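Enquirer: Provide a 3D model corresponding to the input given below.
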Amino acid sequence: MLLTIAVLFVLGCLSGVTTVLFGFGGGFVTVPVVYSVAASGPDAMHVAVGTSAAVMVVNSLGATLALRRAGRLRREYLWPLAAFVALGAAVGTPAATLAPDSVLHLLFAVYLVVTILDSLLRRGFLRGGGTPRPLGRLTTTAGGVGIGAVASFLGVGGSVMTVPLLRRRGLPMVEAAAMANPLSLPVAVVATTLYLLGPGGPTGAVDPVAAAALLAGSLPAIALSRRLLPPIPDRAHAVAHLCLLVAALVAVLL
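Expert: Next up, the predicted model:
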C-alpha cells in the first residue's frame, strides 16, 4: 500500500508538470496511472476515469486561477465554448458510467492512437504559426458539445482535443496549453459529480486515497513548474506533447 501511494505521489508530480506545460489537468496522465497502479477488479477503468476527473477539478482550477491572475487567458477562445463543453460532458459522463469497463479501456487506447496520428498527419499542429483566428460558430457549438462528450466519456478533460484545435487556429503552444485548463474544468466538474454519486461506496467510482496521493504530488509541482520551468521553443513544445501521448498509450496497453 505504501509503495502504491509513493508511486502515485511521484506520478502526481508528473501530472502537475503536464498541467502547466500542456494543459493536461489529469486525464491522459492519471487515467493510465490509476488503472495501472491503483485500480483493480471489473470496474478498474471506471475507477480510473472517476479518480482522474476528481484530480482534474483541483489541478485545472488551480492552474486556471493562476493563469487568470497572470493575464494569460483569452476570453474569446473560452466563452461560449466552455458552456457547450459542459453540455457535452452532461451527455458523455452518464454514458461512460453505463459502458462496460472493457469498452472504456479499448476506446481510451483507440482515441490516443487517433489523436497521435491526427497530430502527425494533419497540417498545423507541429509547425503552428500564422495569425490567430477566431473560432467559428459550428466549432464552438457542435465542436464544444463533441469535445465535452468524448472527454467526459474517457475521463481526459478535453485538453488533448482543445490544444490541437486552438493550435490550428494559429495560437502558439504556450497559449493553447494555457486555455486548455479552463476548458477542462466543465468536464471535470460534471464528471466528478456523477462519479461521486455512482455505485462503489460513499465516494462512488472515485478512489479517495489515489486522488489524495496524486494531488499531494501535483499541487506542489504546479506551483514549482510555473516558477522554475524555462520557456520551451514552440515546435519542441508540440513534439513533447505528442511524446507524452505516446507514453500514455504505452501505459494503457501494458
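
Enquirer: distance of N59 from P182?
Expert: Counting by CB to CB, to the nearest Å, the separation of N59 from P182 is 12 Å. For glycine as for every other residue, the C-beta is placed from the backbone atoms N, C-alpha and C.

Enquirer: compare those two (neighbour count), which wins?
Expert: N59 (34 against 26; other CB atoms under 10 Å).

Enquirer: to which secondary structure element is the more buried one assigned?
Expert: helix 44-69 (DSSP states H and E).

Enquirer: contact partners of the lowest-mean-pLDDT helix or strand in the chain?
Expert: Sorted by mean pLDDT, DSSP states H and E, the helices and strands of the chain end with helix 27-33, the least confident at a mean of 70. For helix 27-33, contacts defined as CB atoms under 8 Å, 6 or more residues apart in numbering pick out 8, 11, 14-15, 18, 48-49, 51-52, 55-56, 108, 112, 151, 154-157, 159-160, 184, 214, 244-245, 248, 251-252.

Enquirer: residues in contact with A251?
Expert: A251 neighbours (CB under 8 Å, 6+ apart): 32-33, 35-36.

Enquirer: go again with 7 Å.
Expert: For A251, the contacting residues are 32, 36, by CB atoms under 7 Å, 6 or more residues apart in numbering.

Enquirer: tell me which element it is part of?
Expert: Applying DSSP H and E, one finds A251 within helix 234-253.

Enquirer: and that helix, average pLDDT?
Expert: Regarding helix 234-253, the rounded mean pLDDT is 81.

Enquirer: buried stuff in it?
Expert: 234, 237-239, 241, 244-245, 248-249, 251-252 (16 or more other CB atoms under 10 Å).

Enquirer: which residues touch the helix or strand hosting A210?
Expert: In this assignment (DSSP H and E), A210 forms part of helix 208-228. Applying CB under 7 Å, 6+ apart, the external contacts of helix 208-228 come out as 5, 8-13, 15-17, 19-20, 30, 34, 38, 51, 54-55, 58-59, 62-63, 66.

Enquirer: got the CA coordinates for that helix in CSV?
Expert: What follows is helix 208-228, C-alpha atoms only, in CSV (Å, rounded to 0.1, in the frame of the first residue of the first chain):
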residue,chain,number,x,y,z
PRO,A,208,-10.0,9.0,-2.5
VAL,A,209,-6.6,7.5,-1.5
ALA,A,210,-5.3,7.5,-5.0
ALA,A,211,-6.7,11.0,-5.7
ALA,A,212,-5.1,12.4,-2.5
ALA,A,213,-1.7,10.8,-3.3
LEU,A,214,-1.8,12.2,-6.8
LEU,A,215,-2.8,15.7,-5.6
ALA,A,216,-0.1,15.7,-3.0
GLY,A,217,2.4,15.4,-5.8
SER,A,218,0.6,17.5,-8.4
LEU,A,219,-0.2,20.7,-6.5
PRO,A,220,3.4,21.5,-5.4
ALA,A,221,4.6,20.5,-8.9
ILE,A,222,2.2,23.0,-10.5
ALA,A,223,3.5,25.8,-8.2
LEU,A,224,7.2,25.0,-8.8
SER,A,225,6.8,24.4,-12.5
ARG,A,226,5.2,27.9,-13.0
ARG,A,227,8.2,29.5,-11.3
LEU,A,228,11.1,27.3,-12.5
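
Enquirer: angle of that helix against helix 44-69?
Expert: 30 degrees (axes from the mean of the first three to the mean of the last three CA atoms, to 10 degrees).

Enquirer: and the average pLDDT for helix 208-228 is what?
Expert: Mean predicted lDDT for helix 208-228 stands at 85.

Enquirer: now do the buried residues in that helix.
Expert: Taking 16+ other CB under 10 Å as the criterion, helix 208-228 shows 210-211, 213-215, 217-219, 221-222, 225-226 as buried.
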